[in-house]
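[1] when you get a sec, could you give me coordinates for this:
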Amino acid sequence: MSKLTNPILKNHKINFSSKLSKSILLGFVFTILGSYEAKAQFTLTGQLRDRVEMRAGQGTLQQEGDKAALFTSQRTRLNAGYSGYRFKIFTAVQDVRVWGQDASSINRTTTEANNGILLHEAWAEIFLNDTVSTIQNLSIKAGRQEISYDDQKVLGSLDWLQQGRRHDAIVFKFANKGWIADVGAAFNQNKENNAGTVYNGTNPAYGAGTNGIGTMYKSFQYAYVGKKFFFGDLSFLFFKDDFNKYTLVTAGTPAVTTKVNGTGVWSRNTTGVYFNTNVTRKLNLMGSYYYQGGKNKDGRSLNANLFSITSTLQVGRKLFIGPGVDFLSGDDGTKTVTADSKDNRFDPLYGTPHKFWGSMDYFYAANGFGKQGLLDYFFKIKYNAKDNLSFALDIHGFESANTLSNGAGGKLNSYLGTELDLLVKYNLTKIINIEAGYSFMKATNSMASAAVKNVANADLSPQFAYVMLNIKPNFLAKK
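    All right, here's what the predicted structure looks like:
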């Protein structure tokens with residue numbers, strides 16, 4: 001049988017040895033590779049997160065007879081990134097608002113007052129090591145960015161809040177053979193100016209400060225070193241944040257006291273260690289210790305500490321349980337506070353309090369809760385029913401870490417309340433997540449007292465519930 005041949009190819013053989021043919025072939029290959037490279041360099045993702053909340057005492061106690069609040073908040077984010085030779089750029093723009101907050105037609109005044117649109121992240125990372133370097137990473141990251149380490153107890157993105165948390169900072173980053181070392185700094189100003197560095201510590205775009213302290217830092221400097229060992233993770237953190245000095249001036253009739261900012265700063269130093277280790281194949285221990293010294297935002301000397309340990313035991317294939325305890329020091333409520341007295345209140349810096357001290361956010365969130373610190377002993381249960389469905393139950397017992405005063409020379413019961421947090425997570429797809437939570441607290445009279453939440457005729461059975469839809473698409477992913 002004779003071979004079938006194409007007469008065109010037979011008479012017009014392609015000469016792959018010619019320069020023109022090689023150029024065409026190489027151009028075709030580079031075009032294909034270039035298209036894949038472009039897709040790898042540019043990323044475009046987003047997030048739409050709607051959360052319906054029912055609050056009946058969330059954050060602080062309600063008075064008897066107060067009605068529950070019901071509202072829907074929404075976060076909309078657009079994230080764009082680009083990677084080139086020895087650099088990376090990332091920007092995240094977000095809009096955060098409550099449904100109905102703006103008029104349904106254009107209303108410039110209302111929109112500006114609500115101020116929901118802001119730049120969440122905008123940073124560039126420059127890589128100092130080239131492709132042949134033996135060092136895994138050596139880079140400088142500058143701009144608005146999230147700063148998050150370890151379990152986020154003292155430095156975290158605070159993702160639960162729709163607006164999140166970010167910092168305008170520069171960070172020098174090193175990573176190699178399991179070691180991580182970051183050194184960062186920030187320096188805040190209210191605006192461009194020609195003289196002076198006085199900073200009033202406010203930013204109307206997303207509120208002042210964290211944990212109810214009412215002011216932003218003037219500057220910060222930190223160093224973080226971490227290492228992955230065979231037994232787990234171990235890290236060290238030193239963080240110094242500085243607050244603009246001020247004086248209180250009283251004048252006028254009637255007398256009015258005004259806060260006047262001056263030059264110089266009061267510096268607060270936080271130093272500590274974190275560990276996360278698997279004691280056995282099914283038992284995990286995670287803990288941390290931090291000491292806080294220097295001076296607080298009001299110039300008082302600090303002497304405070306945080307201690308935390310959490311255990312997780314795997315029971316069977318799907319069930320995880322474990323007790324834990326957090327201790328954050330505080331002041332003795334029976335002693336009079338003066339400008340010369342030590343401040344023993346530990347402030348967990350710029351972390352994620354919602355993750356640790358109850359979903360109802362009674363402690364170290366936006367609302368203050370006194371000065372006596374916190375003792376939180378808890379038991380956590382998590383059940384992974386399916387790959388895309390999980391249930392969690394956290395039980396907290398909250399107690400004052402120091403003496404509570406009744407305001408008349410006596411003492412109050414240190415126990416503040418018991419909280420139950422139930423959480424259900426369901427992944428409909430890889431990009432669509434549905435989450436629902438319910439929290440209930442049995443508070444004590446001490447929680448309602450003037451020393452803690454200061455709510456008269458309080459409802460001591462607050463509740464909180466929410467349903468959240470979270471969609472995070474990758475706009476450049478293949479369908």
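[2] break down the stretch 351-479 of the chain into its helices, ranges please.
    All helices of the stretch 351-479 of the chain, identified by DSSP state H, counting those that start in this stretch, fall at 445-448.
[3] strands along that one, start to end?
    For the stretch 351-479 of the chain, the strands defined by DSSP state E, counting those that start in this stretch occupy 374-386, 389-399, 404-405, 411-412, 415-427, 432-443, 463-471.
[4] CA atoms of the fifth one as CSV?
    Just to be clear, that refers to strand 415-427. The C-alpha coordinates for strand 415-427 follow below in CSV (Å, rounded to 0.1, in the frame of the first residue of the first chain):
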residue,chain,number,x,y,z
TYR,A,415,-16.9,37.7,88.0
LEU,A,416,-18.3,39.5,84.9
GLY,A,417,-20.3,37.0,83.0
THR,A,418,-20.5,33.8,80.9
GLU,A,419,-20.7,34.0,77.1
LEU,A,420,-21.7,31.3,74.6
ASP,A,421,-20.7,31.8,70.9
LEU,A,422,-22.1,29.5,68.3
LEU,A,423,-20.7,29.6,64.7
VAL,A,424,-21.7,27.8,61.5
LYS,A,425,-19.7,28.0,58.3
TYR,A,426,-20.7,26.7,54.9
ASN,A,427,-18.8,26.9,51.6
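[5] just want the angle from that strand to strand 374-386.
    In terms of direction (axes from the mean of the first three to the mean of the last three C-alpha atoms, to 10 degrees), strand 415-427 departs from strand 374-386 by 20 degrees.
[6] same list, the strands of the stretch 351-479 of the chain, but as CSV with mean neighbour count and distance to Gly272 please.
    Where you see a C-beta, it was placed from the backbone N, CA and C, and this is true even at glycine. Converted to CSV, these look like this (neighbours: other C-beta atoms under 10 Å; distance: least, C-beta to C-beta, whole Å):
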stretch, mean neighbour count, distance to Gly272
strand 374-386, 17, 17
strand 389-399, 18, 22
strand 404-405, 22, 27
strand 411-412, 18, 30
strand 415-427, 19, 25
strand 432-443, 18, 29
strand 463-471, 18, 31
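[7] let's have those in JSON lines, adding mean pLDDT.
    Compiled in JSON lines, the strands of the stretch 351-479 of the chain are given as follows (pLDDT from 0 to 100):
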{"stretch": "strand 374-386", "mean pLDDT": "97"}
{"stretch": "strand 389-399", "mean pLDDT": "98"}
{"stretch": "strand 404-405", "mean pLDDT": "92"}
{"stretch": "strand 411-412", "mean pLDDT": "93"}
{"stretch": "strand 415-427", "mean pLDDT": "98"}
{"stretch": "strand 432-443", "mean pLDDT": "98"}
{"stretch": "strand 463-471", "mean pLDDT": "98"}
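[8] distance to Arg97 added to these, as CSV?
    Output for the strands of the stretch 351-479 of the chain, formatted as CSV (distance: least, C-beta to C-beta, whole Å):
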stretch, distance to Arg97
strand 374-386, 32
strand 389-399, 29
strand 404-405, 39
strand 411-412, 40
strand 415-427, 25
strand 432-443, 20
strand 463-471, 16
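[9] quick one, which of those strands gets closest to Arg77.
    Arg77 sits nearest to strand 463-471 of all the strands of the stretch 351-479 of the chain, at 10.6 Å, using C-beta to C-beta.
[10] who does that closest one pair up with?
    strand 42-56 (antiparallel), strand 432-443 (antiparallel) (DSSP bridges).
[11] distance to Phe398 for the ones you listed - can I get that in TSV?
    Shown next, in TSV, are the strands paired with strand 463-471 (distance: least, C-beta to C-beta, whole Å):
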stretch	distance to Phe398
strand 42-56	18
strand 432-443	9
